[in-house]
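1. just a sequence and a predicted model for now, questions to come.
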Amino acid sequence: MKKNIAIIMGGFSSEFEISLKSGNVVYNTLNKDTYNAYRVHIFKDKWVYVDETNEEYPIDKNDFSVVVNQQKISFDCVFNAIHGDPGENGYLQAYFNLIGLPQTSCSMYQAALTFNKRDCLSVLKPYGILTAESYYLNFGDEIKPEEIVAKVGLPCFVKANKAGSSFGITKVYKTEDLNHAISVAFKEDDEIIIESFLDGTEVSVGVITYQGKIKVLPITEIVSENDFFDYEAKYQGKSQEITPARITKEQEAMVIENAEKIYAILKMKGFSRSEFIFKNNKPHLLEINTVPGLTNESILPQQAKAAGISMEELFDSAIVEALK
């Protein structure tokens, strides 16, 4: 009997358009002989099932069911394609856990921890994971530009602490530009992280649970046409994403070891994508994404393809793992 799969997409963050693209790719890729796939849009003002004609049917939040043509439809599993709030920060993971509905991403605690860059980096440092020098600010804190520069140097990156990696981020070259960059970051989050600039090769590596085992996917090198890997570079073609990365065997081994170690330490499941920059020939962790992009152009599907895993196999495996 075919399983009913709700593919959740949208969300509350600036990344909702990318999430809708990811969700539709999953919807169009899943094997229709195996699954009944349903697109579910989750926004602040509505949770709705959207049918083939774009007709909307409200989701009952008590049990995450929907009534269509007087028939109640319940779901066997949720495929999470929401980037950012509330799909990547633990909120929906907690909700689905409470109502006993399996979902494809990591658990609530792992999602909340990895979404908070400051807390995640703090947890991983004692395990020998290298990171950039950093300075933290909460909204309302006194801003001391000279103190910040003394800690992290110039240039530096100012970014929202709990947000996707593409929004609320500025590369700052001059002390006098810090205040503006901080105000940009505070539009995305009430906590910000200011990090030293790491000048080196940037790589991205997917780690997934595939057919019951942790699998590190081929590494991608990021070469941005812009000053850094921002929204335009990531989603509008202003970057080269080279898989496999043009790095040495030694560098490859270090990234694989670090990425797998992080996945295991944090007790992750589902998909993840970690970003590293090489400094002094050693990988420094930037962040971890637990609901990475799943469009045809996205990095994780590219890496899966390089590993000989089709999009259908990738998505099917996620559902099989969740249903365990």
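-> Cool, got the structure.
2. gap between residue 173 and residue 239?
-> Residue 173 sits 21 Å away from residue 239 when distances are taken as CB to CB, to the nearest Å. (Glycine included, C-beta is placed from N, CA and C.)
3. more neighbours: which of those two?
-> More crowded of residue 173 and residue 239, by other CB atoms under 10 Å: residue 239, with 19 against 11.
4. bridging residues for that one?
-> residue 224 (DSSP bridges).
5. do I have it right that it meets residue 222?
-> Yes - counting by CB atoms under 8 Å, residue 239 does reach residue 222; the two are 6.1 Å apart.
6. please enumerate the strands of the stretch 1-150 of the chain.
-> With strands called from DSSP state E, counting those that start in this stretch, the stretch 1-150 of the chain shows them at 3-10, 35-43, 46-50, 56-60, 65-68, 71-73, 77-80, 130-131, 134-138.
7. so what touches the fifth one?
-> By CB atoms under 8 Å, 6 or more residues apart in numbering, the residues outside strand 65-68 that reach it are 38, 40, 49, 51, 57, 58, 59, 60, 72, 73, 74, 75.
8. from those, which is closest to residue 83?
-> Nearest to residue 83 among those, counting by CB to CB, is residue 40 at 15.1 Å.
9. what pLDDT does that closest one get?
-> pLDDT recorded at residue 40 is 98.
10. correct me, but it touches residue 50?
-> Yes - using CB under 8 Å, residue 40 is in contact with residue 50, at 7.4 Å.
11. those two: which is more packed in?
-> Comparing residue 40 with residue 50 by other CB under 10 Å, the one with more neighbours is residue 40, at 25 against 18.
12. in contact with the more buried one: list those residues for me.
-> Applying CB under 8 Å, 6+ apart to residue 40 gives the contacts 6, 7, 8, 9, 47, 48, 49, 50, 59, 66.
13. shaky segments in the stretch 101-250 of the chain?
-> Applying pLDDT under 70 to the stretch 101-250 of the chain picks out residues 164-166, 226-238.
14. quick one: the helices in it?
-> For the stretch 101-250 of the chain, applying DSSP state H, counting those that start in this stretch gives helices covering 108-115, 117-124, 145-152, 178-186, 231-235, 249-265.
15. can you redo those as TSV with mean neighbour count and distance to residue 102?
-> Shown next, in TSV, are the helices of the stretch 101-250 of the chain (neighbours: other CB atoms under 10 Å; distance: least, CB to CB, whole Å):
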stretch	mean neighbour count	distance to residue 102
helix 108-115	21	13
helix 117-124	18	24
helix 145-152	15	42
helix 178-186	18	35
helix 231-235	18	30
helix 249-265	17	20
